[in-house]
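*Asks:* Sequence plus predicted model, see below.
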Amino acid sequence: MNDARPIDSPEALIAEIRRYGILPFFKCGVQGWSVEELTAPGCWIFEDDEAVLGPWDWKIDAVREGDIAYGKFLGGKAAFATVEWYRELMNWRRSLPRWRMALSERCRVTTAHDKLMKILAPLALEAIRTAGCLEMKELRTICAQKLTPAQLKAAGAHYRPMLQPVVKKNVMDTVIQFLQMGTWTVIGDFERVYRGPDLTYSGWQRASNTTPDELFATPILPLAASSPAVASSPAADPLREANPLATNLAPAASRARLIAHVREFFPDADPKVLEKLI
């Protein structure tokens, strides 16, 4: 079922994302299942002095489609997913205590890293939810301002200098990755950055962070107000018509459905690799 289609344009990238439903950006341990491996020769280029920026720039078009999620949500690395499959991942991930730390829920943590995530993830998520979307620089400042003396003390002597007067970039990178893995946030948009006297664009971008709920969900409408065409369709799902991110499946069933879907394309994929990614 896996007929490789070379990605050589933004349109081709979007088509492959929609075909797979969920697609890692880089090689991930399942041969052939990545933008990197699907990209046509000559297009996988990231050097500043090259004219072709390939998928590194084309991902902007994919994010702006309006129904494609992008973030570091597969094994902590970048990936795309259509709403249909992202909601299954979201249903599974948000059920796990580790990722629910972002909601300030209780979770036993043992490492210094997780203790830091337990402090910073709720602050960052609250800030993003309040603003709708935020860039990294804004998040670093807001989180530093919201940290209490007790939280700074709990972070430990090693991390305290990294949290004031602003949260260090590498620390906030980790927080954003944590939130994206938990499916609490995704990339909302990218802004191309033009530098130098000639305002040259060489692939440098600034990303905004938002929530999938903000990006994809639609207002809940009374079912009686639905159009006759939708209401009469046997395939219509009132729950999803009200909220594209809703699913009737149990979390474990969502994960199983997602893994089964990937295995339709890659039947020889190592189950352990898929379980680690998903």
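*Replies:* All right, it came through fine.

*Asks:* Count the neighbours of Cys133 for me.
*Replies:* A total of 18 residues lie near Cys133 under the criterion other Cβ atoms under 10 Å. Heads up, the C-betas are built off the backbone N, CA and C, glycines and all.

*Asks:* Contact partners for it?
*Replies:* Neighbouring residues of Cys133 by Cβ atoms under 8 Å, 6 or more residues apart in numbering: Gly188, Asp189, Ser208, Asn209, Thr210, Glu214.

*Asks:* can you pull up the bridge partners for it?
*Replies:* Here Cys133 sits in beta bridges with Thr210, as judged by DSSP bridges.

*Asks:* confidence score at it?
*Replies:* At Cys133, the model reports a pLDDT of 96.

*Asks:* oh, and call the first residue 877 from now on, that's how I've got it
*Replies:* In the new count, where the first residue is 877, that last one comes out as Cys1009.

*Asks:* so who does Pro931 touch?
*Replies:* By Cβ under 8 Å, 6+ apart, Pro931 lies in contact with Ile883, Leu889, Phe901, Val911, Glu912, Thr915, Cys919, Trp920.

*Asks:* Return the member of these nearest to Asn967.
*Replies:* Phe901 (22.5 Å; Cβ to Cβ).

*Asks:* mind checking the backbone torsions on the closest residue to the closest one other than its chain neighbours?
*Replies:* By the measure of Cβ to Cβ, 6 or more residues apart in numbering, the closest residue to Phe901 outside its immediate chain neighbours is Ala954, 3.9 Å from it. In this entry, Ala954 is assigned phi and psi values of phi -60, psi 140 (degrees, to the nearest 10).

*Asks:* Mind putting the contacts of Pro931 into TSV with secondary structure and pLDDT?
*Replies:* Written out in TSV, the entries for the contacts of Pro931 read as follows (DSSP: H, G, I helix; E, B strand; the rest coil; pLDDT from 0 to 100):
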residue	secondary structure	pLDDT
Ile883	strand	96
Leu889	helix	97
Phe901	coil	98
Val911	helix	97
Glu912	helix	96
Thr915	strand	96
Cys919	coil	90
Trp920	coil	86
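
*Asks:* how many neighbours does the residue nearest to Phe901 have?
*Replies:* Neighbours of Ala954 using other Cβ under 10 Å come to 19.

*Asks:* Surely it touches Leu899?
*Replies:* No - distance between Ala954 and Leu899: 10.0 Å, which falls outside the contact criterion (Cβ atoms under 8 Å).

*Asks:* so for stretch 969-986, what's the average pLDDT?
*Replies:* If you average the pLDDT over stretch 969-986, you get 93.

*Asks:* now the end-to-end length of it.
*Replies:* Length of stretch 969-986, first residue to last, Cα to Cα, to the nearest Å: 20 Å.

*Asks:* filter the contacts of Pro931 to the buried ones?
*Replies:* Among the contacts of Pro931, those buried by neighbour count (16 or more other Cβ atoms under 10 Å) are Ile883, Leu889, Phe901, Val911, Thr915, Cys919, Trp920.

*Asks:* where along the stretch 977-1126 of the chain do the helices fall?
*Replies:* Per DSSP state H, counting those that start in this stretch, the stretch 977-1126 of the chain carries helices over the ranges 988-1007, 1012-1022, 1025-1031, 1045-1057, 1088-1092, 1104-1108, 1114-1118.

*Asks:* Turn these into CSV, including distance to Leu1134 and mean neighbour count.
*Replies:* Below are the helices of the stretch 977-1126 of the chain laid out as CSV (distance: least, Cβ to Cβ, whole Å; neighbours: other Cβ atoms under 10 Å):
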stretch, distance to Leu1134, mean neighbour count
helix 988-1007, 23, 19
helix 1012-1022, 29, 18
helix 1025-1031, 35, 13
helix 1045-1057, 15, 20
helix 1088-1092, 15, 19
helix 1104-1108, 26, 10
helix 1114-1118, 16, 15
